[in-house]
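*Asks:* generate a structure from the sequence data that follows.
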Amino acid sequence: MGSQDIILQKANKYAHSVYKLSKQLPKEEQFGLASQLRRAAISVALNIVEGYARQSRKSEAQFLTIAYGSLKESQYILEFAAEENYISPESIKDPSLLGEEVAKMIWTKIKTLQKHQEN
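*Replies:* I've put the predicted structure just below:
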């Protein structure tokens with residue numbers, strides 16, 4: 001199993017956990033914060049898939065960079081929702097830890113791809 005497979009599996013797990021958590025947001029946030037959170041979380045996995053499909057290191061690095069940005073966006077929304085008392089701080093603990101793991105993996109892969117582009 002390649003590193004991209006592991007990253008994608010974890011990004012998929014992250015997206016599912018965030019989707020599940022987003023259902024706890026108040027009704028008045030279902031078209032606002034919840035929608036944005038879901039789009040950002042699924043964007044992580046979608047951009048990883050698209051980057052792999054491009055089959056060039058440069059394109060893959062670009063899409064992984066977008067995935068990384070989407071991940072950070074979704075993490076911020078989770079923290080914001082907890083600070084607004086829409087969801088409990090405890091409920092974001094596991095998704096946040098998984099998100100950080102995915103972020104580190106994506107960042108490492110980006111740096112590896114960029115290093116290979118230079119050589």
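*Asks:* ok, residue 74 - contacts?
*Replies:* Applying CB atoms under 8 Å, 6 or more residues apart in numbering, we find residue 74 in contact with 18, 37, 40, 41, 44, 99. Backbone N, C-alpha and C define where each C-beta goes, glycine included.
*Asks:* same thing with residue 8?
*Replies:* Applying CB under 8 Å, 6+ apart to residue 8 gives the contacts 45, 48, 49, 52.
*Asks:* in this structure, where is pLDDT below threshold?
*Replies:* Along the chain, the parts satisfying pLDDT under 70 run over 1-4, 118-119.
*Asks:* spatially central residue for it, please.
*Replies:* For the chain, residue 71 is the residue whose C-alpha lies nearest the centre (CA atoms, centre = their mean; 3.2 Å).
*Asks:* that one and residue 43: what is the separation?
*Replies:* Plainly put, residue 71 is 8 Å away from residue 43 if you go by CB to CB, to the nearest Å.
*Asks:* try residue 79
*Replies:* From residue 79 to residue 43 the distance is 18 Å (CB to CB).
*Asks:* more neighbours: these two, which one.
*Replies:* residue 43 (20 against 13; other CB atoms under 10 Å).
*Asks:* who wins on neighbours among the contacts of residue 74?
*Replies:* residue 44 (31 neighbours).
*Asks:* what ranges does this protein have for its helices?
*Replies:* Using DSSP state H, the helices of the chain run over residues 3-22, 33-54, 57-83, 93-118.
*Asks:* for the second one, C-alpha coordinates in CSV please.
*Replies:* Read it as helix 33-54. C-alpha atoms of helix 33-54 as CSV (Å, rounded to 0.1, in the frame of the first residue of the first chain):
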residue,chain,number,x,y,z
LEU,A,33,-21.5,26.7,8.9
ALA,A,34,-22.4,23.0,8.5
SER,A,35,-22.4,23.3,4.7
GLN,A,36,-19.1,25.1,4.6
LEU,A,37,-17.6,22.5,7.1
ARG,A,38,-18.8,19.6,5.0
ARG,A,39,-17.5,21.1,1.7
ALA,A,40,-14.1,21.8,3.3
ALA,A,41,-13.8,18.3,4.8
ILE,A,42,-14.8,16.4,1.6
SER,A,43,-12.5,18.7,-0.4
VAL,A,44,-9.5,17.2,1.4
ALA,A,45,-10.1,13.7,0.0
LEU,A,46,-11.4,15.0,-3.4
ASN,A,47,-8.2,17.0,-4.0
ILE,A,48,-6.0,14.1,-2.9
VAL,A,49,-7.8,11.8,-5.4
GLU,A,50,-7.5,14.5,-8.2
GLY,A,51,-3.9,15.0,-7.5
TYR,A,52,-3.1,11.3,-7.8
ALA,A,53,-5.1,11.1,-11.0
ARG,A,54,-3.0,13.8,-12.7
